[in-house]
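[1] just need the structure, nothing else, for what follows:
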Amino acid sequence: MIIGVLGGGQLGRMLALAGIPLGLRFRFLDPDRSCPAAELGDLVVAQYDDELALARFVEGVHAVTYEFENVPAAAAKWLSAHAPVFPPQGALATAQDRLNEKTCFRSLGIATPEFAPVDTRDELLAAVARIGLPSVLKTRRFGYDGKGQAVLRTMADVETAWQTLGQPRAGQQLRADLILEQFVPFARELSILGVRSRDGSMRFYPPVENHHSRGILSRSIAPAPNAQAAASVLQPAAQRVMETLGYVGVLAIEFFDLGNGTFMANEMAPRVHNSGHWTIEGSACSQFENHMRAVAGMPLGAPASRGHSIMLNIIGAEPDPGILALDGVHVHMYGKSPRAGRKLGHLTICQLAPEAAMALARRAELLLRNC
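    Sure thing, here's the model as predicted:
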């Protein structure tokens, strides 16, 4: 079976590494001929909206998936007429737009921060008057790793953020396409990863606690400490989203844990997710393998964790080679050239006891050169 993957980045690479042992073959579409997944399957080098390239890409492919959520909607629609596309178009359209995403959560009874669409300066001022300060102004599309957003604490911040985010970009219609969200003073961020197969069966990984540095995920702890109560809320929420969207594949939803038994959905990713990278060594069946099983129509694997895991992102610079001498530390490099703020790889620390995992993670962090 040949699986087509839109995007040849590190997630596409790890999908292939998980799928090849299952007997799957891969074809990637990516504008960069030296993308991380290039050596793991056929590669069509082209822009995602090039229909001639899409035709070459989909020929002989049994199913299509994607490794990032900013796939052009027109490309996904075109491909769906020639091969099954998973996750489906509706899920992609929901996750690509923060307003659609928040509206979907609310319609399913999932708590979110207060929010309001913002297309003009007057709408921004009205939204601030209703939601209050502090709040967060975000682009509805294309934001990631802290980009495309600004925290508003004073009215001066409101004007600055409007000048930065509110001006239509070249080629866009004359509207801002922003969303204002309530600022939530949360105790921690949790994510839940679930997977749904073509026949509707579902599996869930334990909640993960995430820590960020400069807007980029730096550490994930799995299972999240003291998260039994959270699992009873997060898992049913993810289940409702997947059932409503007719979802197939891995879905990640990030939640704010307010520390008082209340959880608010922040955003979702219709793909394998950075906070699930620990599952390669830390779970009986990784998120990558389960995504490929779902897309290919295979039975799902067990998501049970093997002890306690900590994932550390390698950002901007390669780590000290001495990190390979640390027993229990698994190194994954993505084949990307160093650049400040760029995810070059990740480490996974797996131990039977949480204290041992944290101690080893601290030793590993001393050998990282993140920038």
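[2] and the longest helix anywhere in the chain, how far from the chain's centre?
    Ordering each helix of the chain by length in residues (DSSP state H) puts helix 228-245 first. Distance, stretch centre to chain centre, for helix 228-245: 17 Å (CA atoms, centre = their mean, to the nearest Å).
[3] in it, which residues are buried?
    Taking 16 or more other CB atoms under 10 Å as the neighbour-count basis, helix 228-245 is seen to contain the buried residues 230, 231, 233, 234, 235, 237, 238, 239, 240, 241, 242, 245. All C-beta spots, glycine's among them, are computed from the backbone N, C-alpha and C.
[4] and stretch 300-308, by the same measure?
    Neighbour-count burial for stretch 300-308 flags 300, 301, 303, 305, 308 (criterion: 16+ other CB under 10 Å).
[5] the third one: what's it in contact with?
    Contacts of residue 303 were listed using CB atoms under 8 Å, 6 or more residues apart in numbering, and they are 193, 195, 203, 204, 205, 206, 279, 283, 284, 285, 290.
[6] change it to 7 Å
    Contact analysis of residue 303 by CB atoms under 7 Å, 6 or more residues apart in numbering lists 203, 204, 205, 283, 284, 285, 290.
[7] now neighbour count and pLDDT too, for the residues you listed, in TSV please.
    Supplementary listing: those in TSV, determined by neighbours: other CB atoms under 10 Å; pLDDT from 0 to 100:
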residue	neighbour count	pLDDT
203	19	98
204	19	98
205	29	98
283	24	97
284	13	96
285	18	98
290	30	98
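[8] mind listing which of those are in helices?
    Going by DSSP H, the helices hold residue 290 from these.
[9] reformat the contacts of residue 303 as CSV; add distance to residue 177.
    Output for those, formatted as CSV (distance: CB to CB, whole Å):
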residue, distance to residue 177
203, 35
204, 33
205, 33
283, 37
284, 42
285, 38
290, 34
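[10] which pair in the contacts of residue 303 spans the largest distance?
    204 and 284 (13.0 Å; CB to CB).
[11] using JSON lines, lay out the buried residues of stretch 300-308 together with distance to residue 162 and secondary structure.
    As requested, those are arranged in JSON lines below (distance: CB to CB, whole Å; DSSP: H, G, I helix; E, B strand; the rest coil):
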{"residue": "300", "distance to residue 162": "46", "secondary structure": "coil"}
{"residue": "301", "distance to residue 162": "48", "secondary structure": "coil"}
{"residue": "303", "distance to residue 162": "43", "secondary structure": "coil"}
{"residue": "305", "distance to residue 162": "45", "secondary structure": "strand"}
{"residue": "308", "distance to residue 162": "45", "secondary structure": "strand"}
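[12] isn't residue 313 up against residue 343?
    Yes. The pair residue 313 and residue 343 qualifies as a contact (CB atoms under 7 Å) at a distance of 5.7 Å.
[13] ok, residue 339 to residue 311 distance?
    When CB to CB, to the nearest Å is the yardstick, residue 339 and residue 311 sit 21 Å from each other.
[14] how far off centre is the helix or strand hosting residue 79?
    Mapping residue 79 onto the secondary structure by DSSP states H and E places it in helix 73-80. When distances are taken as CA atoms, centre = their mean, helix 73-80 is centred 20 Å away from the chain's centroid.
[15] list the contacts for residue 317?
    The neighbours of residue 317, taking CB under 7 Å, 6+ apart as the test, are 338, 369, 370, 371.
[16] list only those of these flagged as buried.
    Using 16+ other CB under 10 Å as the threshold, residue 370 are the buried ones among the contacts of residue 317.
[17] which of the contacts of residue 317 sit farthest apart?
    Comparing all pairs in these by CB to CB, the longest separation belongs to 338 and 370, at 10.7 Å.
[18] the chain: helices as residue ranges?
    In chain order, the chain shows helices spanning 10-19, 51-58, 73-80, 89-96, 98-107, 121-131, 155-165, 228-245, 279-282, 287-296, 354-365, with DSSP H as the criterion.
[19] would you mind splitting this protein into its domains for me?
    Structural domains assigned to the chain are 2-85, 114-182, 188-365, following automatic domain parsing.
[20] for the longest helix of the chain, name the packing helices and strands.
    Secondary structure elements in contact with helix 228-245, counted by 3 or more CB pairs under 7 Å, 6 or more residues apart in numbering; DSSP states H and E, are helix 89-96, strand 188-196, strand 202-204, strand 249-257, strand 263-269.
[21] rerun that using 6 Å as the cut-off
    strand 188-196, strand 249-257 (3 or more CB pairs under 6 Å, 6 or more residues apart in numbering; DSSP states H and E).
[22] what pairs with the first one, parallel or antiparallel?
    Sheet pairing for strand 188-196, assigned by DSSP bridges, gives strand 202-204 (antiparallel), strand 208-213 (antiparallel), strand 249-257 (antiparallel).
[23] select, out of these, the one closest to residue 69.
    Using CB to CB and comparing these, the one that lies nearest residue 69 is strand 249-257, at 10.4 Å.
[24] output the strands paired with strand 188-196 as JSON lines; include the columns distance to residue 96.
    Supplementary listing: those in JSON lines, determined by distance: least, CB to CB, whole Å:
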{"stretch": "strand 202-204", "distance to residue 96": "23"}
{"stretch": "strand 208-213", "distance to residue 96": "21"}
{"stretch": "strand 249-257", "distance to residue 96": "14"}
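[25] of the ones you listed, flag the one that's most buried.
    Each of those was scored by mean neighbour count; the highest is strand 249-257, a mean of 25, by mean count of other CB atoms under 10 Å.
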